[in-house]
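**Q** based on what follows, work out the 3D shape:
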Amino acid sequence: MTDNLSQQFLLVAFLIFALIILIPILQKHTDKDITKMLFGIRSRKAPTQEEPSKTSQKPRVRNGTKNELTAFVAQLLRFTSKNGMRLVAPGTITHEGKTARLTALVVAPGGVVGVYCLGFGGTIAPGNRKEPAGKTLPWRQHINGENKTFDNPLKACQEQQELIRSAMEQAGIHTDLHVVTVFTNPHAALESSPAFVYNPKSFLQYLKEEEDLKTGSLEIHQTALKLAELAGIHSNENKKSKKKS
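**A** The predicted structure follows:
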């Protein structure tokens, strides 16, 4: 009995000694952790620079889509209908060889508001805070780790405002006009809030609370018809009158 135990002990000792010698050799030739393979130990592979962890990756921000713009115009149409205003869309008006490309024109009792929509996403900042009204330098966009620039929207609004006002006066429309910028992308964050620059929510709030727009004697219906004609939009009423004549 004692001899059997001694033999078993010697066998176990020999196997352990063999493993101690063989494991480093096998690992060197296979590039694998033999100890973990033998004893069922598994380790979680740490992410490398070539294979970044999926949980650490931020979702990419995209610029706006046509669907977002369409949804905003539909929202604007419902709002103007419920609040005694009229909407003319699109607001593309050509005058003296130049074209103002606005998304829409809002006709209120106190005047007309032109809506210039942009779909940029990410963090949006004026070109230079020290520049008066920021009307000359490009604006900055930080998106997906990249810095980009785009044309100054305030300057674009001013140019289109002058063009549309001239066309309105020639058409006999005498009322106040303001053209504003609306960033329709839900993933756009304005670094600051320059005057007449909005997101969809703040723009609707502006229309709702601006006293100068709510009070006035402008003939909303007729003004909207004239603006629609300037924009090349022919209403059903105009079609009926042409058929009668």
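**Q** tell me the spacing between the nearest residue to residue 138 once chain neighbours are set aside and residue 68.
**A** Computed as CB to CB, 6 or more residues apart in numbering, the closest residue to residue 138 that is not its neighbour in sequence is residue 149, at 4.1 Å. For every residue, glycine as well, the C-beta is placed using N, CA and C. From residue 149 across to residue 68, the span is 22 Å (CB to CB, to the nearest Å).
**Q** more neighbours: which of these two?
**A** Neighbours around residue 149 and residue 68, counted as other CB atoms under 10 Å, are more numerous at residue 68. The numbers are 17 against 11.
**Q** tell me the helix or strand right after the helix or strand containing that one.
**A** Using DSSP states H and E, residue 68 maps to helix 66-82. Toward the C-terminus, helix 66-82 is succeeded by strand 86-88 as the next helix or strand (DSSP H and E).
**Q** tell me the mean pLDDT over that following strand?
**A** Average pLDDT, strand 86-88: 98.
**Q** so what touches stretch 192-199?
**A** By CB atoms under 8 Å, 6 or more residues apart in numbering, the surrounding residues in contact with stretch 192-199 are 125-126, 129, 133-134, 153-154, 157, 178-184, 188, 190, 206.
**Q** confirm residue 192 sits in a strand?
**A** No. Residue 192 is assigned coil when assessed by DSSP: H, G, I helix; E, B strand; the rest coil, not a strand.
**Q** pLDDT at it, what is it?
**A** pLDDT, read off for residue 192, is 86.
**Q** from residue 59, how far out is it?
**A** Using CB to CB, residue 192 is found at 25 Å from residue 59.
**Q** tell me which of the two has more neighbours.
**A** Comparing residue 192 with residue 59 by other CB under 10 Å, the one with more neighbours is residue 192, at 10 against 7.
**Q** domain map for this structure?
**A** Residue ranges for each domain of the chain read 2-56, 66-244, as given by automatic domain parsing.
**Q** hey, least reliable of the ones you listed by pLDDT?
**A** domain 2-56 - the lowest mean pLDDT of these, at a mean of 57.
**Q** what's the separation between the nearest residue to residue 224 once chain neighbours are set aside and residue 206?
**A** Nearest residue to residue 224, sequence neighbours excluded (CB to CB, 6+ apart): residue 86, at 3.9 Å. To residue 206, residue 86 is 17 Å away according to CB to CB.
**Q** look at the two and report which has more neighbours.
**A** It is residue 86, of residue 86 and residue 206, that has more neighbours when counted by other CB under 10 Å, with 20 against 15.
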